[in-house]
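Give me coordinates for this.
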Amino acid sequence: MNIIHGYFRWVILLLVAAITASIIFIQIGNPKVKAETILYGPGSNIDSVAFWSNRSTNDTLLFVSSKDSHLVEIWHFPFSGSEQPPLLFDEGEIINGVAVDERTDRLFITGAVKQTGTYQVYVFSLPGLQPLYQFGKNILGEGETNLGILHLPDSETRIFVTDDHTVYIFRVGEMDATLVGQFQPPVSALETVMADDYTQLVYVPEERGNSGLAPGIHVYDANGKPYMRDGSNVFGSHDQFQSDAEGIALYRCYDGNIMDTGRGFIVVSDQNVTDLTDFEIFDRATWRYLGNFNIEKVINTDGVAVLETALPGYPDGIFSAVHDDQGTAILGWREIFGALDISCESADSNPQDHR
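As a prediction, the model looks like this:
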């Protein structure tokens, strides 16, 4: 009997050890961080977010689009308690995408009037928010239009604008924009797009994620040609994306002279309507999957935004994510780095090898 009791005792201990190890693995692989605050403004059905900063605390702004309230919320650092009057559009206008060009201090916003089938991009000056011009009318098709900005080595600025199935490439001037190309990723649906000046690459997620035709992030060059690596221009498998791949943003690592080193991280919101959103992290240079994290209470995330500028209370910059179409979560990148045990020093050290 003692032998039998001893045997069962060891079996129980092994089972406890296995369960404990599983729990530890889950905690390490999917850590949770806490938002510093969740901002709730006048917008309903909010979607996209973007930062503007002139590398000064006093000039830092956060823009949040609202699809159902025909406006863009404006928050001044430190954001909580510092909401500014919103940027208003005509009633019936659906406002979806927002993007900031810090080189030219301009804000780009996509709007749609579905009753007339009108889709276009509005351009405003920063920080004054003076309207400059519009473009894309009679070109952009139906969809949750969004946009990304790319600066070419010859100083040309290009903006990539999506509809449901096409990415349009515009050359942006001081007071106009010209269509110079377009391409169609082989996905079920498009929404967000992101561009990286250092690598000169454009990233387009399969919006429908794991349920779509081609899950993952599709990569293209500045002219819309697939950028191949190891025989594919797609990274991020269906094992990593459990739901819709919605927002995408880039964290750039800088040296002491505020020069882009090519290191950094790509973060994608893996939207979950009923549970916490998974934020998937990839190495910027190698596309290597680094893991994911959750933000406490934050679900059903559409847009995400990154600000690398060090600000009081945020020494490594700020991460922002839409929460359930209602609010905007704000937290520091130091918390994310600590949770995932990553940093600019741990990112790929030879980015030039992957350009």
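
Assign a three-state SS to Asn138, would you?
Following DSSP: H, G, I helix; E, B strand; the rest coil, the label given to Asn138 is coil.

what residues are up against the residue nearest in space to the middle of the chain?
Relative to the mean C-alpha position of the chain, the nearest C-alpha, by Cα atoms, centre = their mean, is the one of Ile248, at 2.6 Å. Taking Cβ atoms under 8 Å, 6 or more residues apart in numbering as the definition of contact, the neighbours of Ile248 are 192-194, 203, 205, 217, 266-269, 304. Quick note: C-beta positions are derived from backbone N, CA and C, even for glycine.

same deal with Glu207?
If you count contacts by Cβ under 8 Å, 6+ apart, Glu207 has them with 144, 187-192, 244-246.

How about Val304?
The neighbourhood of Val304, defined by Cβ under 8 Å, 6+ apart, consists of 49, 246-249, 267-269, 279, 319-322.

what about Asp341, how many neighbours?
When neighbours are defined as other Cβ atoms under 10 Å, Asp341 has 11 of them.

Next one: it from Phe293, what distance?
11 Å (Cβ to Cβ, to the nearest Å).

cool, Gly262 as well?
Taken as Cβ to Cβ, the spacing of Gly262 relative to Phe293 amounts to 23 Å.

do Val72 as well
Counting by Cβ to Cβ, the separation of Val72 from Phe293 is 27 Å.

quick one: which of those two has more around it?
For Val72 versus Phe293, neighbours defined as other Cβ under 10 Å are more numerous around Val72 (26 against 21).

Could you list everything the more buried one pairs with in the sheet?
Ser65, Leu87 (DSSP bridges).

start at 27 instead
All set: I'll call the first residue 27, so the last point we hit is now Val98.

Next, the contact list for Glu128, please.
Counting by Cβ under 8 Å, 6+ apart, Glu128 makes contact with 78-80.

Of those residues, select the buried ones using a ChimeraX command.
Provided next is the ChimeraX selection string for whichever of the contacts of Glu128 are buried by 16 or more other Cβ atoms under 10 Å:
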select :78,79
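
what about Glu371, how many neighbours?
Look at Glu371: counted by other Cβ under 10 Å, it has 8 neighbours.

what's the answer for Asn249, then?
Each residue near Asn249 was counted by other Cβ under 10 Å, and the total is 12.

Could you do Lys93 as well?
Using other Cβ under 10 Å as the criterion, the residues surrounding Lys93 number 21.

That one contacts Asp73, correct?
Yes - the pair formed by Lys93 and Asp73 meets the contact definition of Cβ atoms under 8 Å, at 5.4 Å.

Only the buried residues of stretch 281-291, if you could.
Within stretch 281-291, the residues that qualify as buried are 287-291, counting by 16+ other Cβ under 10 Å.

Return the member of the contacts of Glu233 nearest to Thr188.
Closest approach between the contacts of Glu233 and Thr188, by Cβ to Cβ: Leu216, at 4.5 Å.

low pLDDT regions in this structure?
When residues are selected by pLDDT under 70, those of the chain lie in 27-55, 81-83, 375-381.

which residue ranges form the helices in it?
Defined through DSSP state H, the helices belonging to the chain, from first to last, are 28-55, 359-366.

Would you map the strands across the stretch 127-276 of the chain?
When secondary structure is read from DSSP state E, counting those that start in this stretch, the stretch 127-276 of the chain shows strands at 132-139, 144-151, 157-161, 173-177, 183-188, 193-198, 203-209, 220-222, 227-231, 243-247, 260-261, 270-280.

looking at the ones you listed, which is closest to Ile362?
Across the strands of the stretch 127-276 of the chain, the minimum distance to Ile362, taken as Cβ to Cβ, is reached by strand 270-280, at 8.8 Å.

any idea of the angle the closest one forms with strand 243-247?
Angle between the axes of strand 270-280 and strand 243-247 is 50 degrees (criterion: axes from the mean of the first three to the mean of the last three Cα atoms, to 10 degrees).

now strand 270-280, how far from the centre of its chain.
If you compare the mean C-alpha spot of strand 270-280 with that of the full chain, they lie 4 Å apart, counting by Cα atoms, centre = their mean, to the nearest Å.
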